[in-house]
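Here you go, sequence then predicted model.
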Amino acid sequence: MRMPEILQGEARTRFLQGIAFGAVAAITIGFMWGGWVTGGTAKTMTAMAETDGRMSVLVPICVAQFTAADGAIAKFKAAGSYSKDNVISEYVKTVAATSMDYSFARACAAGVEAELSKMATKS
């Protein structure tokens, strides 16, 4: 069997160099502009999307529970901006079997601030 000319001598070298260059170019373009990600990045993105989805459901419930508590709004308004998440954690311990952590308390505090500004605008 006779080998094609493209796989003989100098042409073979150029052919293999072209394949290698094309592969490197495809990988570079794919990761930089094509949106390709590694497995670790994909897992991180999945975890962030899951957390964001959970927060979008739980924060309104947390805000409702907090505003329903006696004296909570007055204490929230009196607290400094750096300690509002602590006030939230004091009044709301769990929401739908999810315990209060720092990021959840911060998100809930932002929701309470938004709710209070809506109520102030209406009156």
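That came in fine, so what should we check first?

Pairing partners for the one helix or strand in the chain whose mean pLDDT sits lowest, with directions?
Least confident helix or strand, the chain: strand 98-99 with a mean of 76, by mean pLDDT, DSSP states H and E. Strand pairing for strand 98-99, determined by DSSP bridges: strand 94-95 (antiparallel).

sorry, back to before: next SSE after the least confident helix or strand of the chain?
Once strand 98-99 ends, the next helix or strand along the chain (criterion: DSSP states H and E) is helix 102-122.

So what touches that following helix?
If you take CB atoms under 8 Å, 6 or more residues apart in numbering as the criterion, helix 102-122 is touched by 51, 55, 58-60, 62-63, 66-67, 73, 76-77, 84-89, 92, 95, 98, 100. Glycine gets a C-beta too; all of them are placed from N, C-alpha and C.

Next: stretch 30-42.
If you take CB under 8 Å, 6+ apart as the criterion, stretch 30-42 is touched by Met45.

Look up how far Arg54 lies from the residue nearest the centre of the chain.
Centroid-nearest residue in the chain: Met48, 3.4 Å away (criterion: CA atoms, centre = their mean). Between Met48 and Arg54 the distance is 11 Å, computed by CB to CB, to the nearest Å.

Then Tyr102?
Using CB to CB, one obtains 15 Å as the distance from Tyr102 to Arg54.

what's the answer for Trp33, then?
Between Trp33 and Arg54 the distance, using CB to CB, works out to 31 Å.

same check, this time on Leu116
Applying CB to CB, the value for Leu116 to Arg54 is 23 Å.

before we move on, the earlier item: report the distance from the least confident helix or strand of the chain to the chain centre.
Going by CA atoms, centre = their mean, to the nearest Å, the spacing between the C-alpha centre of strand 98-99 and its chain's C-alpha centre is 19 Å.

And stretch 90-98, by the same measure?
Distance, centroid of stretch 90-98 to centroid of chain: 22 Å (CA atoms, centre = their mean).

Okay, buried residues for that stretch please.
Buried residues in stretch 90-98, counted by 16 or more other CB atoms under 10 Å: 90-92, 95.

So which of those sit within strands?
Among the buried residues of stretch 90-98, the residues falling in strands (DSSP state E) are Val95.
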